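>>> only geometry, no sequence info:
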């Protein structure tokens, strides 16, 4: 894998002022300020190749947004090295921002009282995009993101889903090879989320755009990202696929067994009976102690007419990983 993005031993700490409650606490805080160190990133390392879509996962406060801001050149780390397309983001900020697009789900780069089209024109001038190229890109992005009826409307009149489609277009007006998406579908309804997901996939497929995505929507991550980076407490917990994550945490699988007649459920190490009725068992299986071939052997004597094995929901898998790291 080529190092389009290379991060090594990245560290960033924030300092929070603290004081005791009440008037006397406020007075003591003025005279004797107390500060508490909160590490946001502590030795994070990873490499991302050009053209990849990678998900960055973690609970609130894990350091995801801090990592994105450092990669975008907004923040300077306390320690570690970062290169993005050969650039050090915070040292070569002007050249760097010309090659990236950034969308923060809760912040806008559009002008609130201006029509969307005017915001695009201003952004094109800021990025020094040739006017002919800008017009073509606006036309293409408006078609892909279905912005036709929105272009003449002030940004403040748009719904959240409409605005986020416009934010995506704004981030891509200068055709950056790298796109950072920080919670891009937060607060969107299902149709808007599907539209944004489809656009990201199409952008990557057509143009080879590299995408680094943070999201709490694990369905979104599972749909878009063949690879995930999981961090918690500022440290890397996992770098791999969601299948790797399932194998590492290995939570119980849910097995539903339909029977032709009433029977007692089996007893075996690694098997827990969740529910047992006259014609159905619902079992939980620990695949580390009872893999599928052994499960079939355990059920061989039972009057089974149908069997369904379901993976644990990805939310449960990720929650278990966070719990192990706590």
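That came in fine, so what should we check first? None of the values given here were measured: they were computed from a predicted structure. Numbers count the residues shown, from 1 in each chain.
>>> ranges for the helices of the stretch 1-150 of the chain?
Ranges of helices in the stretch 1-150 of the chain, per DSSP state H, counting those that start in this stretch, are 22-31, 64-71, 93-97, 116-126, 131-144.
>>> Can you say which of those helices is packed in most?
Of all the helices of the stretch 1-150 of the chain, helix 64-71 carries the top mean neighbour count, a mean of 24, counting by mean count of other Cβ atoms under 10 Å. (Each C-beta comes from the backbone N, C-alpha and C, glycine too.)
>>> So what touches that helix?
Residues outside helix 64-71 that contact it (Cβ atoms under 8 Å, 6 or more residues apart in numbering): 5, 7, 10, 12, 40-41, 44, 56-58, 75-77, 82, 84, 89-90, 102, 104, 180, 182, 212, 214, 231.
>>> Show the average pLDDT along it.
For helix 64-71, mean pLDDT rounds to 92.
>>> re the thing from before, just the buried ones from the contacts of helix 64-71?
Among these, those scoring as buried are 5, 7, 10, 12, 40-41, 44, 56-58, 75, 77, 82, 84, 89-90, 102, 104, 180, 182, 212, 214, 231 (criterion: 16 or more other Cβ atoms under 10 Å).
>>> Which stretches in the chain count as strands?
Using DSSP state E, the strands of the chain run over 5-18, 34-48, 53-57, 79-84, 100-104, 178-182, 210-214, 227-232, 235-240, 253-259, 271-276, 280-285, 304-310.
>>> Export those to CSV and append columns for distance to residue 195 and mean pLDDT.
Formatted as CSV, the strands of the chain follow (distance: least, Cβ to Cβ, whole Å; pLDDT from 0 to 100):
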stretch, distance to residue 195, mean pLDDT
strand 5-18, 27, 89
strand 34-48, 25, 88
strand 53-57, 17, 94
strand 79-84, 28, 95
strand 100-104, 14, 91
strand 178-182, 14, 93
strand 210-214, 16, 94
strand 227-232, 23, 92
strand 235-240, 29, 91
strand 253-259, 32, 91
strand 271-276, 38, 91
strand 280-285, 37, 91
strand 304-310, 29, 91
